[in-house]
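Asker: sequence and predicted structure, then a few things I'm wondering about:
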Amino acid sequence: MQTYFYAIADFIQQQLRGNEIFLSYFSGERSDFVRFNQGKVRQPGSVEQRFLTVELVQGQRHATVELGLTGEMAIDQAQLLDLLGGLRDQLNHLVDDPYLLYSEQVNSTESLGENRLPEISQVLGEIMQAAQGHDLVGLYAAGGIFRGFANSLGQRNWHSSYNFNFDWSLYHQRDKAVKAGYAGLMWDSEEFGNTVQQVKSQLEILQRPAHTLAPGRYRVYLAPAALAEIIQLLGWGGFSVRGQKTKESALLTMMEHGTALNSQVNLFENTREGIAPGFEKKGFIKPAQVSLIEHGRHHSALVSPRSAKEYGMATNGAEENEEPVSLDLGAGNFPRAQVLSTLDKGIYINNLWYLNYSDRMAGRLTGMTRFATFWVEHGEIVAPLNVMRFDETVYHILGEQLLALTTEREFIVETDTYEVRSMKSIRLPGAMVNEFTLTL
Amino acid sequence: MYEVLKQHFHQVIPNVDFCSLRLVETHLESLQIRKDILEPPFKSKNMGVMITVVDRGGLGYAATSDLSLSGLQQAAQRAWYWAQQTQGKMVFDCSQINFPSPQGNYPSFVQQPWDSESLSSKLDRVRTEAKQCPIDDKIVHWQVSLKGIQVQQLYLTSAGGELYQSHDYLVPIIKVLANQGVNTQIRTLGGHGYARQGGLEQLELIGFSGKGRELAEESLQLLSAPNCPTGRMDVLLAPDQMILQVHESIGHPLELDRILGDERNYAGTSFVTLDMFGTYQYGSELLNVTYDPSIPEELSSYHFDDEGLLAEKTYLIRQGLLKVPLGGLISQARAGLPGVANSRATNWNRPPIDRMANLNVEPGESCWEDLVGSIEHGVLMRSNKSWSIDDSRNKFQFGCEWGQLIEKGQLSTVVKNPNYRGISATFWRSLKGVGNVSTHEVLGVTNCGKGEPNQAVRVGHASPACVFAGVDVFGGV
């Protein structure tokens, strides 16, 4: 796809007139998806897609079009000629955009993934073998993902990755299940087998009679996948400079009034150690790291090129929506092996689900426990819990009531596949939290 | 072009039990102003096909944007490969399902097409509304946008089925923020629920003109309002909150693929089980819920779903009694239950699954004044801004932009940050008042997420205002 995209970019370059400039972004993938239910296949298939975004700039006027490419050069060139004509017509109706900003320095980069993915027949066989006698449900998604940037200054960027992400659960009954994930670049049968064994051993605990808690405040351990849900909710505008300036950020009191989280909290946008491309749609190269929160205090926001111009600051290569894509929450110094004994009496929460705000400006959020959540007494798992709703502020969870962050961290590759397979990731520890409020 | 595609399709059909081609072509234009600045206009054009093969009990799909003969050939072969790989490994036996091969078409009812008006004229509509928003220094941000979408779909089957359906959508958005210190209050056009099928004529029908100033005034009122009180009280939900309530706590639980377990790893399961249909009292006798694909301006009106099933209005809940699930052809066969034509895909690159389509609460008998007058102590809530529900679609918590106390049958103080909690299995039984057609609105949700791989689909909801007794209500911090 790289050769094709660069040829398309050269073609666009040849069509420019006068002082016209173009910026172009490519998003493509060749993906296999196999959906499972009850340990059998529900829906298998493949998707090949290529989307091209072209932004035509004349001075400070600009307009953008996205085209689904066919992969046939003659057809795509004809479509592009038509769309470029349409963009020129549009520009006649527009005025100068004071917030237009694109990179004028040429920074070409290339990051090429190697395809070491297994044959689908091998994967299908191993998954169905693991599922024998069990109620396995989930999705295996695999294949190449491709991103590119090109502009009329001659900048060319390419990022490709061939990965798989098997996102699955084993069910005991009704809503009692253990959730797991196995993602990577190369399928390792032994590693997958170990993951399956771990999940099956947790499943045995789910067969005990479930415990129902009364609403109230409890000491909890949020495993990395559960804590990730909270951090990711904050990503909806919480770290955005636009969210700050429009007074919509859930972290506004931190950003503008000095409210602090616990000093153990250090949060970064860590492009260097993520899996997403290191460039964005206006041609800026992302810095290796952007510090968002340092020792519990707001450090800097994500600034897109447009916001940089609007608010008179430098961009840090953030995406247009100013949401993080490669989050990194620093480790604490609490060994995971001591979680149960320290919890003593409380709740071990593996997963949270469907978070949203109860009072966004207060940083107050709600959500549900899901999958394997356990009641712990005397430092031992006693029973699975029936699902409970929590309602708590981030200043409580990651502030005054944060007891510890674990030394060990997990790297979680997001499983989102809305229109395209996600390249977002988050690396984070687990968190021990006191006085965590359950409401329903 | 579609004629050539049809010829190519019939040339590449492998020797299998069933094969279909579903083409989706989408054109979109989005115009937006933030504060006083026009953002760069955005257009998109996207076309591709999904070929599905069913053979000897196996099933597979392959999607591609390469519509050449060789592109279709490769997709058909890949879909067949999947069908061969999954023979004897499927969770249901596809050979037992009789896939229809209908003929038909559906066009959206459009009086004023998106492209009938110049770009300048449409930009003027957006600018005019945006100019009305900054009525006070405390209005710190506002944005107004219009999106026009045209979708054409062609469905062909190996047995000669041929459907052509075209949909035009209009999505108007207005959002105004007022701020003082750390207090920010937001008002939006119907909680972003005013997406409609049709053309620019819909703007007049929903009263778009003048809404910018109205929402700005309301956001200022909220800024100086007290928090919503905490306690158990009656709640009057306006249609732009009812759509979320019905979506999350009736729509999703009734989706048959959830009940059959397909969604348990992602969107979740359901507290509803197969044996409840025909016997379970879902709500009070005032509750009547339909799947209704026949309302022209509602987002998910169509004549056939994406597996060729004919769409017809069906009562899912009648006088509170649960009757029929939201399940398409495959789910109906698996569950042995009747269903509706709701197997839908968001685009050519995603396979059809059970979705909500149009899910409506039928109007009752009460006028607005009667609904308000029936409440001794309660709160009116408008425009959803927060939603959360468990994976069985039972324990929920929803928040709204606008609250207003009701005391002794009269609307009184405006309150901010209104929220309420409940449990689906019991909440609908507390329904004690259903508004008549004068309180009824046709609205929708443009981003209903579900499926593996994920799909965010447009679904329509129409509802009157409704009153619920003894609800757990609370406000902000």
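Answerer: Looks like it arrived, so ask away. Numbering: from 1, shown residues only, chains lettered A, B, ... in the order given.
Asker: from here on, just use CA atoms for contacts and neighbour counts.
Answerer: Fine.
Asker: what about the longest helix in the chain?
Answerer: With no chain named, the answer covers chain A. helix A:73-92 (DSSP state H).
Asker: try again with chain B
Answerer: When chain B is parsed with DSSP H, its longest helix is helix B:69-85.
Asker: all helices of the chain, in order?
Answerer: Looking at chain A here, since you left the chain open. A:2-15, A:73-92, A:120-131, A:189-206, A:224-234, A:241-245, A:252-257, A:305-311, A:339-343, A:394-395.
Asker: try chain B instead
Answerer: B:2-12, B:69-85, B:119-131, B:201-205, B:211-223, B:239-246, B:252-254, B:256-259, B:329-335, B:368-373, B:424-427.
Asker: kindly reformat those helices as a markdown table containing mean neighbour count.
Answerer: Shown next, in a markdown table, are those (neighbours: other Cα atoms under 10 Å in any protein chain shown):
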| stretch | mean neighbour count |
| --- | --- |
| helix B:2-12 | 15 |
| helix B:69-85 | 22 |
| helix B:119-131 | 18 |
| helix B:201-205 | 14 |
| helix B:211-223 | 22 |
| helix B:239-246 | 25 |
| helix B:252-254 | 26 |
| helix B:256-259 | 28 |
| helix B:329-335 | 20 |
| helix B:368-373 | 18 |
| helix B:424-427 | 19 |
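Asker: mean pLDDT added to those, as JSON lines?
Answerer: Shown next, in JSON lines, are those (pLDDT from 0 to 100):
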{"stretch": "helix B:2-12", "mean pLDDT": "96"}
{"stretch": "helix B:69-85", "mean pLDDT": "98"}
{"stretch": "helix B:119-131", "mean pLDDT": "97"}
{"stretch": "helix B:201-205", "mean pLDDT": "97"}
{"stretch": "helix B:211-223", "mean pLDDT": "98"}
{"stretch": "helix B:239-246", "mean pLDDT": "98"}
{"stretch": "helix B:252-254", "mean pLDDT": "98"}
{"stretch": "helix B:256-259", "mean pLDDT": "98"}
{"stretch": "helix B:329-335", "mean pLDDT": "97"}
{"stretch": "helix B:368-373", "mean pLDDT": "98"}
{"stretch": "helix B:424-427", "mean pLDDT": "94"}
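Asker: out of these, flag the one nearest residue B:285.
Answerer: Shortest distance between residue B:285 and the helices of chain B, using Cα to Cα, is found for helix B:424-427: 13.0 Å.
Asker: other residues contacting the closest one?
Answerer: Defining contact as Cα atoms under 8 Å, 6 or more residues apart in numbering or on different chains, one finds that helix B:424-427 is touched by B:249, B:250, B:271, B:282, B:283, B:393, B:394, B:395, B:396, B:468.
Asker: and the fifth one, how far is that from residue B:236?
Answerer: With distances defined as Cα to Cα, to the nearest Å, the gap from residue B:283 to residue B:236 amounts to 16 Å.
Asker: so for these two, which sits in the more crowded spot?
Answerer: residue B:236 (31 against 23; other Cα atoms under 10 Å in any protein chain shown).
Asker: max pairwise distance over the contacts of helix B:424-427: which two?
Answerer: With Cα to Cα as the measure, no two of these lie farther apart than B:271 and B:468, at 20.9 Å.
Asker: and these two? Which one has more around it.
Answerer: The neighbour comparison of residue B:271 against residue B:468 (other Cα under 10 Å) goes to residue B:468, with 20 against 17.
Asker: quick one: contacts for that one?
Answerer: Counted by Cα under 8 Å, 6+ apart, residue B:468 has contacts B:234, B:235, B:236, B:427, B:428, B:430, B:431, B:432, B:433.
Asker: if we go to 7 Å?
Answerer: Contact analysis of residue B:468 by Cα atoms under 7 Å, 6 or more residues apart in numbering or on different chains lists B:234, B:235, B:236, B:430, B:431, B:432.
Asker: about what we covered before: quick one: the longest helix of chain A to helix A:2-15, angle?
Answerer: Computed with axes from the mean of the first three to the mean of the last three Cα atoms, to 10 degrees, the direction of helix A:73-92 lies at 50 degrees from that of helix A:2-15.
Asker: now helix A:73-92: how far from the chain's centre is it?
Answerer: Distance, stretch centre to chain centre, for helix A:73-92: 33 Å (Cα atoms, centre = their mean, to the nearest Å).
Asker: elements contacting it?
Answerer: strand A:61-68 (3 or more Cα pairs under 7 Å, 6 or more residues apart in numbering or on different chains; DSSP states H and E).
Asker: which residues are in contact with the strand it packs on?
Answerer: A:50-57, A:87, A:91, A:94-97, B:40-47.
Asker: got it, and stretch B:218-233?
Answerer: Under Cα under 7 Å, 6+ apart, the answer for stretch B:218-233 is B:177-179, B:183-187, B:377-378, B:403, B:414-418, B:469-476.
Asker: go on, stretch B:380-400?
Answerer: A:354-358, A:367-368, B:190-191, B:235-238, B:240-241, B:244, B:248-249, B:252-253, B:267-271, B:401-406, B:417-425.
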